[in-house]
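Trainee: no sequence for this one, just the structure:
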Ligand SMILES: C[S@@+](CC[C@H](N)C(=O)[O-])C[C@H]1O[C@@H](n2cnc3c(N)ncnc32)[C@H](O)[C@@H]1O
């Protein structure tokens, strides 16, 4: 069976996450991925684990290309039809409504169809049609936005000053690890309030985390607990991880990125300190990881208006013999943020 997955528009992590988790998928339109799967349950199971997934639609076989032939497929009062990849228009829906003599057509705002919030609020039969290819797709799943909002806004502890990853970004980062989660250990050595560990634990990894701040370590523990998740959390400097951990499958982390709200003239003094920290940590982690183990790590890109400082360049120098860079240049930044983030995937040699 064929499926199309809709991810959030302009989500720069989505192509990497989808290609790791659904390697056979193809991006057929911006933010729309096509893939094959045996049945709908398996497809839903796959996409519901993603951070980037918003909606899933399955191909409805036997479509003649006549939009009015869709009338038979509409089982509920509310329906919505969008031309795949085209601006939403009321024409098709109106024609079907006339044909059926009943029903309530809901016009989508854009080519992505209706938002999951609207789909949840009203029971809607939602379709996407490609009149040229004579294909029709029906939405069968949308993401559990309530659970994501809960994790984003209502955790017991959140320290915006220490920096927090949005849960969906944390989930996408964990999903850049291509291993099955069973009996695998994943560590975040700069765990902060535990956003990465929460996502990894929800996916089924055995998780552990350390933070140099006792307060942060305690908050990670309590945040995990509030979702009935557990993990081994300790107070430790990330550059000394090997004193307590070994034989680890993956390290996924957003490290200390420098104090927030620095002035441009401070950047050239901040960068060497950060690079020293990352280098010390990555050297230590060669003793923590199994051979073939992975590091998924955020490196900040700072800019003082005169020069761009890409801290990931340390990989090309002293770490060449220890790690193979598998992927670089996955860039994301928060709206209005001065610091851009580059996500890099390294494999221990
Ligand atoms: C950007 S925050 C991580 C936030 C985390 N990803 C989250 O979303 O909750 C960086 C964390 O690194 C910790 N940290 C700073 N230097 C450290 C070091 N040398 N070893 C371990 N943790 C350190 C800070 O206390 C802070 O909690």
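Mentor: That came in fine, so what should we check first? Quick caveat: nothing in here was measured; it's all calculated off a predicted structure.
Trainee: Residue of the protein closest to the ligand, please.
Mentor: residue 192 (2.5 Å; C-beta to the nearest ligand atom). Backbone N, C-alpha and C define where each C-beta goes, glycine included.
Trainee: what secondary structure does that residue sit in?
Mentor: Secondary structure for residue 192, judged by DSSP: H, G, I helix; E, B strand; the rest coil, is coil.
Trainee: and it, how many residues sit next to it?
Mentor: Residues lying near residue 192 (other C-beta atoms under 10 Å) number 27.
Trainee: now the host helix or strand of residue 120: mean pLDDT?
Mentor: Applying DSSP states H and E as the criterion places residue 120 in helix 116-121. With pLDDT averaged residue by residue, helix 116-121 scores 94.
Trainee: pLDDT weak spots in the chain?
Mentor: 65, 88, 161-162, 335-336 (pLDDT under 70).
Trainee: Tell me the residues of it that contact the ligand?
Mentor: 162-165, 189-190, 192-196, 211-213, 216, 237-239, 254-257, 277 (C-beta under 6 Å from any ligand atom).
Trainee: Try it again at 5 Å.
Mentor: 162-165, 190, 192-193, 195, 211-213, 216, 237-238, 254, 256 (C-beta under 5 Å from any ligand atom).
Trainee: Of the residues you listed, which count as buried by neighbour count?
Mentor: Buried subset of these (neighbour count, 16 or more other C-beta atoms under 10 Å): 162-165, 190, 192-193, 195, 211, 216, 238, 254, 256.
Trainee: and the two most separated of those residues?
Mentor: Distance extremes for those: the farthest pair is 164 and 238 at 17.3 Å, using C-beta to C-beta.
Trainee: Generate a markdown table for the buried ones among the residues of the chain next to the ligand, with secondary structure and distance to residue 263 as supplementary columns.
Mentor: Shown next, in a markdown table, are these (DSSP: H, G, I helix; E, B strand; the rest coil; distance: C-beta to C-beta, whole Å):
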| residue | secondary structure | distance to residue 263 |
| --- | --- | --- |
| 162 | helix | 20 |
| 163 | coil | 18 |
| 164 | coil | 23 |
| 165 | coil | 25 |
| 190 | coil | 24 |
| 192 | coil | 24 |
| 193 | coil | 27 |
| 195 | helix | 28 |
| 211 | strand | 27 |
| 216 | helix | 25 |
| 238 | helix | 26 |
| 254 | coil | 23 |
| 256 | coil | 18 |
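Trainee: Show me what the strand or helix carrying residue 284 is in contact with.
Mentor: Assigned by DSSP H and E, residue 284 belongs to helix 267-285. Residues outside helix 267-285 that contact it (C-beta atoms under 8 Å, 6 or more residues apart in numbering): 189, 238-242, 251, 255-259, 262, 295, 297, 299-300, 302-304, 307, 309, 311, 314-315, 318-319, 322-323, 346, 348.
Trainee: what's the answer for stretch 218-235, then?
Mentor: Residues beyond stretch 218-235 that count as contacts (C-beta under 8 Å, 6+ apart) turn out to be 151, 155-157, 159, 191-194, 197-198, 201-202, 206-214, 217, 244.
Trainee: Can you give me the buried ones in it?
Mentor: Under the neighbour-count criterion of 16+ other C-beta under 10 Å, stretch 218-235 has 219, 220, 221, 223, 224, 226, 227, 229, 231, 233, 234 buried.
Trainee: rewinding a little: return the members of the contacts of stretch 218-235 classed as buried.
Mentor: 151, 155, 157, 191-194, 197-198, 201-202, 206-211, 217.
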